[in-house]
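Engineer: just the structure for this:
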Amino acid sequence: MPRRSRDLGGQGNASPDLRYGEKLVSRFVNRLMIKGKKSLAFRIFYSAMDIIEKERKDASMDVFFLAMKNVTPSVQVKPRRVGGATYQVPTEVNPRRGEALACRWIISAAREKSKTPMNRSLAQEFISSAKGDSPSVKRKEDTHRMAEANRAFVHFKW
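Structural biologist: Predicted coordinates for the structure are as follows:
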């Protein structure tokens, strides 16, 4: 048994961002980043937060956290092969994986709005996700609905 503690290898060791001091913001920006352009990703995120503050007159971080909470799934389905048949078995989602899925869904929904700049579409996606009527929230509800429909196969979870 090794005597030293192991390095996690960058798993979740993101340092907090400079403006808000939140690790969740850094992890979100890391997923937003394309081709290693982190400063551009931070600029897009911060300008989206500024747009939210102008439009909503709310604290932009409250909107961000509410959007993430509304999009984060608590269950998912995983395929299990049992006796030649594949069943969709509902399983609980680790909070870190749920957060990663929520980030991914919000970013992909914002990127699908190709007519608008990314900062504006990201701000719109945060606002609509906080309200509960965005494609990313619909995706979460579809995931939960699928898990509910396959609840009969939960005994295949091992």
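
Engineer: mean confidence for whichever helix or strand residue 124 is part of?
Structural biologist: Assignment of secondary structure by DSSP states H and E places residue 124 within helix 118-131. Average pLDDT, helix 118-131: 95.

Engineer: number of residues surrounding residue 104?
Structural biologist: 14 (other CB atoms under 10 Å). For glycine as for every other residue, the C-beta is placed from the backbone atoms N, C-alpha and C.

Engineer: list the contacts of it.
Structural biologist: residue 31 (CB atoms under 8 Å, 6 or more residues apart in numbering).

Engineer: hang on, it in a strand?
Structural biologist: No - going by DSSP: H, G, I helix; E, B strand; the rest coil, the assignment for residue 104 is helix, not a strand.

Engineer: confidence score at it?
Structural biologist: pLDDT, residue 104: 96.

Engineer: got it, and the one 4 residues further on?
Structural biologist: Each residue has a pLDDT score; the one for residue 108 is 95.

Engineer: do residue 140 as well
Structural biologist: pLDDT, residue 140: 94.

Engineer: which element is it on?
Structural biologist: Assigned by DSSP H and E, residue 140 falls in helix 135-149.

Engineer: and the angle from that helix to helix 118-131?
Structural biologist: Here helix 135-149 points in a direction 40 degrees away from that of helix 118-131 (axes from the mean of the first three to the mean of the last three CA atoms, to 10 degrees).

Engineer: and helix 135-149, what's buried?
Structural biologist: 135, 136, 137, 139, 140, 143, 144, 147 (16 or more other CB atoms under 10 Å).

Engineer: redo those residues as a markdown table? Include distance to residue 46.
Structural biologist: Below are the buried residues of helix 135-149 laid out as a markdown table (distance: CB to CB, whole Å):
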| residue | distance to residue 46 |
| --- | --- |
| 135 | 23 |
| 136 | 21 |
| 137 | 24 |
| 139 | 26 |
| 140 | 26 |
| 143 | 30 |
| 144 | 32 |
| 147 | 35 |
